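J.: pasting the structure only:
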């Protein structure tokens, strides 16, 4: 990124408090609301990967993990740019930078994309293209504390006020991206209807290797047949497969 442009952006964030707006009852930064049609009509691609979280739930951590998986563990390539450049945040609209949607549209496939949107506000094209989504959820108490301190530091969001004031605002859902409760429950209810891997932040802390393996398996092609084969088709296929492959000495794994 142009260092001069980055300096201007940082100065803007330092001196400007973004006003709030609302989309379908969900509080969002006003700048996001101003380009809502652009966000709503965003065109996903079949090989996109979407990382969805409520704010301060470990988003950056998951972005770096998935980026490394997509690069087959190439650490040097993963350091090619800051995370907010590698992974466009489609909710964001902060001039003089490109909006998140504009940034995503300039990228080659496969793209890794980020959102904090509750599930009902996710652009429909993600579902039309059957995009794989990783949703990372963090417990409400730690999320609240982290978000409070983030808002105190980040002048691009409203001043959170005192801790007692913020406590009440958080419980009422009167904060940017709305209610934590609605957010985590909405994504949870949809996880069996869509290609959504629901991951818990606390599980990541407890056993990173186990959870990263889950993410890797979810993104890999091995086992994807389960999302397409009907039970009857699987039976027919296995019979035919055995007939044609028997004695060949070839053995394939259909799941890991």
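T.: Looks like it arrived, so ask away. Bear in mind that the values here come from a model prediction, so they are computed numbers and not experimental data. Residues are numbered from 1 along each chain as shown.

J.: show me how this structure divides into domains.
T.: Domain ranges of the chain: 3-220, 225-256, per automatic domain parsing.

J.: can you add mean neighbour count and mean pLDDT and give the ones you listed back as CSV?
T.: All C-beta atoms are positioned from the backbone trio N, CA, C, and that covers glycine. Conversion of the domains of the chain to CSV gives the following (neighbours: other C-beta atoms under 10 Å; pLDDT from 0 to 100):
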stretch, mean neighbour count, mean pLDDT
domain 3-220, 17, 90
domain 225-256, 9, 79
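
J.: what's across from the residue nearest to the spatial centre of the chain in the sheet?
T.: Nearest to the mean C-alpha position of the chain, counting by C-alpha atoms, centre = their mean, stands residue 51 at 1.6 Å. Legend: beta-bridge partners of residue 51 under DSSP bridges are residue 114, residue 134.

J.: check for me that residue 247 belongs to a helix.
T.: No: read with DSSP: H, G, I helix; E, B strand; the rest coil, residue 247 is coil and lies in no helix.

J.: I'd like the numbering to begin with 35 instead of 1 from here.
T.: Okay, using 35 as the starting number, the last item reads as residue 281.

J.: and it, how far from residue 271?
T.: Plainly put, residue 281 is 18 Å away from residue 271 if you go by C-beta to C-beta, to the nearest Å.

J.: excluding chain neighbours, what is closest to residue 54?
T.: Spatial nearest neighbour of residue 54, excluding adjacent residues (C-beta to C-beta, 6 or more residues apart in numbering): residue 61 at 5.4 Å.

J.: so where does the one you found fall, helix or strand?
T.: strand 60-63 (DSSP states H and E).

J.: one step back: can you pull the contacts of the residue nearest to the centre of the chain?
T.: Neighbour list for residue 85: 93, 96, 97, 100, 121, 146, 147, 148, 149, 167, 168, 170 [criterion: C-beta atoms under 8 Å, 6 or more residues apart in numbering].

J.: how much space separates it from residue 279?
T.: Distance, residue 85 to residue 279, by C-beta to C-beta: 38 Å.

J.: for the stretch 185-290 of the chain, what spans make up the strands?
T.: All strands of the stretch 185-290 of the chain, identified by DSSP state E, counting those that start in this stretch, fall at 230-234.

J.: rewinding a little: run the chain-centre distance for whatever helix or strand comes next after the strand holding residue 61.
T.: Tracing the chain past strand 60-63, the next element assigned as helix or strand by DSSP H and E is helix 64-68. Distance, stretch centre to chain centre, for helix 64-68: 19 Å (C-alpha atoms, centre = their mean, to the nearest Å).
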